[in-house]
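Give me a model of this one.
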Amino acid sequence: MKAFIASVVASAVLLALPAAQAADNDLATLEKAARAEGQVNSVGMPDSWANWKDTWSDLSSKYGLKHSDTDMSSAQELAKFDAEKENASADIGDVGAAFGPIAVAKGVAQPYKPTHWDQIPSWAKDPEGNWMLAYTGTIAFLVDKQQVKDVPHSWADLKKGKYVVTIGDVGTAAQAANGVLAASYAMGGDDKNVKPALSFFGELAKEGRLGVTDPVIANIEKGEIQVAVVWDFNGLNYRDQIDKNRYEVVIPSDGSVTSGYSTIINKYAKHPNAAKLAREYILSDEGQINLAKGYARPIRAEHLTLPADVQAKLLPQSEYKNARPIKDQAAWDKTSKMLPRLWQENVIINMKQ
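Alright, predicted model coming up:
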């Protein structure tokens, strides 16, 4: 799709502002430049994930931005930005927290601090504005009760079961990698040591109980997955879309991890102002409530009053008593980079042929 020609005057005024402070200085200028660009192309931000559909719909109705998305993993998004460079087909992506610093290291991000920058916790943002979490998620089990009669409520329960457990592609998906970390937390490991989890999943593989199907809604709906290790917001969304009575979403009682996702604005974006406006809206009250409607916990939650019906979509806070955020992000960044090889050597090698 050909891009709309941006207004030269509007763009020139905007680009004269420091990228990270454009919103603070002149939201009207940003909006004008974004409208002139006319569209925003995303990756990894499909309608079914964290209720992105409402945000794209709002950006269309409020600002006239056309939108398209190509769903892909965090690693694939950054690889795409890096490979295409000036021939960029994507303007913005949504990546797991561990991939924010990777985007900066790869030189594929451009900074933009939205209006509500000061309400984002320091642990959840890059000081320069290259990335910032918009919402958090906690690793959960999504259980198909038609196939699994004894619903697991812990990793220990999971080990004792006879059903197949599906985690996804640990080498590329932030959700899957955090599933490994959550299991490690429950089994005495930490951000530097995921050996307990690798041993756990290695045993599942030996037993023929480790699924290779991607835990997305289409595969779940077809009955191909018995227990999936997913973010809570995905599990709750899939449950409600398919059959509330058939599925149960559980935060493992013996330990889990709470992390989040950040927008990355492509350094080479063809529609940079539309991408910045999208980030601005995502961090606004309306955008944060949209995410909560999709079962994600907004990063600005303490500054919001969620509508009662939206609050009711989320699990009780008591479910999260043994879930914790990543303690040492730098250590986890290092571990997560090694995880594809460790997973291959300790888990995939044990898969039954």
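
Need phi/psi at I242.
phi -90, psi -60 (degrees, to the nearest 10).

Not counting its neighbours along the chain, what's nearest it?
E221 (5.2 Å; C-beta to C-beta, 6 or more residues apart in numbering). In short, each C-beta sits where N, CA and C put it, glycine included.

So what does that neighbour look like in phi/psi?
Residue torsions, per degrees, to the nearest 10, at E221 are phi -60, psi -30.

same deal with the one 5 residues further on?
When quoted as degrees, to the nearest 10, the phi and psi of Q226 stand at phi -90, psi -50.

same check, this time on the one 5 residues further on
The phi and psi values for W231, taken as degrees, to the nearest 10, are phi -60, psi 150.

Spell out the residue ranges of the helices in the stretch 151-300 of the chain.
155-160, 174-186, 195-206, 217-221, 232-242, 272-282, 285-293 (DSSP state H, counting those that start in this stretch).

do you know which of those lies nearest K321?
Proximity to K321 (C-beta to C-beta) singles out helix 174-186 among those, at 12.8 Å.

What ranges does the stretch 51-200 of the chain have for its strands?
For the stretch 51-200 of the chain, the strands defined by DSSP state E, counting those that start in this stretch cover 66-70, 92-96, 133-144, 165-166.

Nearest to E86, out of these?
Among those, strand 92-96 comes nearest to E86, with 16.7 Å by C-beta to C-beta.

For the closest one, which residues meet the burial criterion?
For strand 92-96, the buried set under the neighbour-count rule, 16 or more other C-beta atoms under 10 Å, comprises I92, G93, D94, V95, G96.

re earlier: out of the strands of the stretch 51-200 of the chain, flag the one nearest A296.
With C-beta to C-beta as the measure, strand 133-144 is the member of the strands of the stretch 51-200 of the chain nearest A296 (3.8 Å).

strand partners of that closest one, parallel vs antiparallel please.
Sheet pairing for strand 133-144, assigned by DSSP bridges, gives strand 227-231 (antiparallel), strand 247-250 (antiparallel), strand 256-265 (antiparallel), strand 297-298 (antiparallel).

What count of nearby residues applies to G189?
21 (other C-beta atoms under 10 Å).

State whether it and F200 are indeed in contact, as I suppose.
No. In this structure G189 lies outside contact range of F200 using C-beta atoms under 8 Å: 9.7 Å.

Return the most buried member of the strands paired with strand 133-144.
Highest mean neighbour count of the strands paired with strand 133-144: strand 227-231, a mean of 28 (counted as mean count of other C-beta atoms under 10 Å).

now the angle from that one to strand 92-96?
Per axes from the mean of the first three to the mean of the last three C-alpha atoms, to 10 degrees, the angle that strand 227-231 makes with strand 92-96 is 120 degrees.
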